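Peer 1: A structural model of the following input is requested.
(one chain, ligands or ions: 1)
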Amino acid sequence: MEQIRNVYCVGRNYKLHAAELGNELPKQPMIFMKPTHAVVPLDQAEIVLPYDRGEVHYEAELVIRIARDYRPGAGADELIDGLALGIDFTLRDVQTELKRQGHPWMAAKGFMNSAPVTPFISFPGIDRLNETDFTLRLNGEEVQRGNARDMIFSVQTVIDYIAGHYGIGAGDLIFTGTPAGVGRVQAGDKFELYWGSERLGACMMK
Ligand code: ZN
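Peer 2: Numbers count the residues shown, from 1 in each chain. Below you'll find the predicted structure:
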């Protein structure tokens, strides 16, 4: 994997997913981060997760890679060089408790191996992105289907927002949010991630 710098993630970026967890829709992009140590290859790998801290949930997401430094007015097609699919593994019970207490999400989202990413394909452009569904199969059965055109905040809006508040540059990854259908992960599960009809990666849970 190439050198990764910051790993930004967008929370609640699809209406139906916000609704399934009973969350209100955000008025501006809701950004959180994962440590780079959370990122592992999603490429026939076995992935070890912590099952002793309540339920672990899967969240399949489009992942974009930024190729160059940002300048105001730069378009997404110009800034992004790679597209992958990733899973934002989440300790859901831990997160619920953190939300209740008003604490940061790190313990629920930032644990090791919590951000597996498939190999990158060259970025097909925003138009193609909006025409192509991505899907997650769990043990052979489709459990999530999403499309960038259903995002509450578009890829361009998310990039501009992150750039304006936190900075963005070459090597940064953005997990762009998960569509509805999140659910529980158990040891022995197999996940496969598809971009259109193309399988970008698969992994086994240990
Ligand atoms: Zn997510």
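
Peer 1: dump the residue contacts of the closest residue to the ion within the chain.
Peer 2: Among the residues of the chain, residue 88 lies nearest to the ion; the distance is 3.5 Å by C-beta to the ion. Every C-beta, even on glycine, is put in place using the N, C-alpha and C of the backbone. For residue 88, the contacting residues are 9, 34, 59, 61, 109, 114, 115, 175, 178, by C-beta atoms under 8 Å, 6 or more residues apart in numbering.

Peer 1: now the last one: how far from residue 15?
Peer 2: When C-beta to C-beta, to the nearest Å is applied, the distance between residue 178 and residue 15 equals 12 Å.

Peer 1: Who has more neighbours out of the two?
Peer 2: More crowded of residue 178 and residue 15, by other C-beta atoms under 10 Å: residue 178, with 27 against 14.

Peer 1: Could you verify my assumption that residue 25 touches residue 13?
Peer 2: No: with contact defined as C-beta atoms under 8 Å, residue 25 and residue 13 do not form a contacting pair (9.6 Å).

Peer 1: hey, what's in contact with both of those two?
Peer 2: When contacts are counted by C-beta under 8 Å, 6+ apart, residue 25 and residue 13 are jointly contacted by residue 152.

Peer 1: Please identify which of the two sits among more neighbours.
Peer 2: When residue 25 and residue 13 are compared for neighbours, residue 13 comes out ahead with 29 against 12, by other C-beta under 10 Å.

Peer 1: which residues sit in contact with that one?
Peer 2: Here residue 13 is in contact with 29, 30, 151, 152, 153, 158, 176, 177, 178 (C-beta under 8 Å, 6+ apart).

Peer 1: So for residue 44, what pLDDT did the model give?
Peer 2: You'll see residue 44 listed with a pLDDT of 87.

Peer 1: Around it, count how many other residues there are.
Peer 2: A total of 9 residues lie near residue 44 under the criterion other C-beta under 10 Å.

Peer 1: The closest residue in space to it that isn't next to it in sequence is in what secondary structure piece?
Peer 2: Of all residues not flanking residue 44 in the chain, residue 202 sits nearest, at 5.9 Å (C-beta to C-beta, 6 or more residues apart in numbering). Under the criterion of DSSP states H and E, residue 202 resides in strand 198-205.
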